[in-house]
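Student: no sequence on this one, just coordinates:
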């Protein structure tokens, strides 16, 4: 099998070398670049299945790189952030990151996150199109249309929306959503699911058919009010 191309964008040359060796042993074909402009150019070539992107980069920060990449590509992106810096993680998710990992991290954990994101990307759907109220969800192409206009969603947002609309009327806890849609559990202080929900509301609209689109039941979880047709 051909190696799966992965782009590493981080100014820590030693870290990139270590990660590249591990990824090569696991069947990936990594390429590392070390500044914001190079990362943007490479990510937009369409050659990579996934990008690992650090927040702190020479020539710009990773969030600005991600915003530029999202203007022309849906390639999955895992952000690397400083440990405990919630603002970086929130900003990354809002800019379109599919997952984040705080530094310092275990290379094996990053490998597991990469595989989980790629599994979500490559999962073959059985039903090709779902119609839910004002939304048309195209599973094969992973596109969401609202009244004929495409709504750009990140990979994580797409998975969460799909999970919600396939469970109409069912309240899903944050942990259930994280495990099913993101491939990992979350801690009690992890706000990533709430951030993704906020982004979905902004992109899709807070209401549909005069009702709240995604309802937050405090202390319980989330429920999508629309019904699958």
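Tutor: That came through, no problem. Because the structure is predicted, anything quoted here is derived from the model rather than measured.
Student: which non-adjacent residue is nearest residue 151?
Tutor: Using Cβ to Cβ, 6 or more residues apart in numbering and skipping residues adjacent in sequence, the residue nearest residue 151 is residue 144, 4.7 Å away. C-beta: built from backbone N, CA, C; applies to glycine.
Student: tell me which element the one you found is part of?
Tutor: If you go by DSSP states H and E, residue 144 is part of strand 143-146.
Student: Then residue 7?
Tutor: strand 4-9.
Student: Which helix runs longest in this structure?
Tutor: Across the chain, the longest stretch assigned as helix under DSSP state H is helix 107-122.
Student: how about residue 223, secondary structure?
Tutor: strand (DSSP: H, G, I helix; E, B strand; the rest coil).
Student: so who does it touch?
Tutor: 164, 169-172, 214-215, 217 (Cβ atoms under 8 Å, 6 or more residues apart in numbering).
Student: ok, back up a step: summarise which helices and strands the strand holding residue 144 is packed against.
Tutor: Judged by 3 or more Cβ pairs under 8 Å, 6 or more residues apart in numbering; DSSP states H and E, strand 143-146 is in contact with strand 135-138.
Student: average model confidence for the strand it packs on?
Tutor: Here strand 135-138 scores 90 as its mean pLDDT.
Student: what residue ranges in this structure are flagged as low confidence?
Tutor: Filtered on pLDDT under 70, the chain yields the residue ranges 1, 83-86, 88, 123-127, 226-229.
Student: And for residue 203, nearest residue in space, chain neighbours not counted?
Tutor: Closest to residue 203 by Cβ to Cβ, 6+ apart is residue 151, at 5.3 Å.
Student: For burial, what's the neighbour tally of that neighbour?
Tutor: 19 (other Cβ atoms under 10 Å).
Student: isn't it right next to residue 142, touching?
Tutor: No - using Cβ atoms under 8 Å, residue 151 is not in contact with residue 142; the gap is 11.7 Å.
Student: if I look at the residue most central in space within the chain, how far off is residue 113?
Tutor: The C-alpha lying nearest the average C-alpha coordinate of the chain belongs to residue 98 (Cα atoms, centre = their mean; 1.4 Å). Using Cβ to Cβ, to the nearest Å, residue 98 is found at 9 Å from residue 113.
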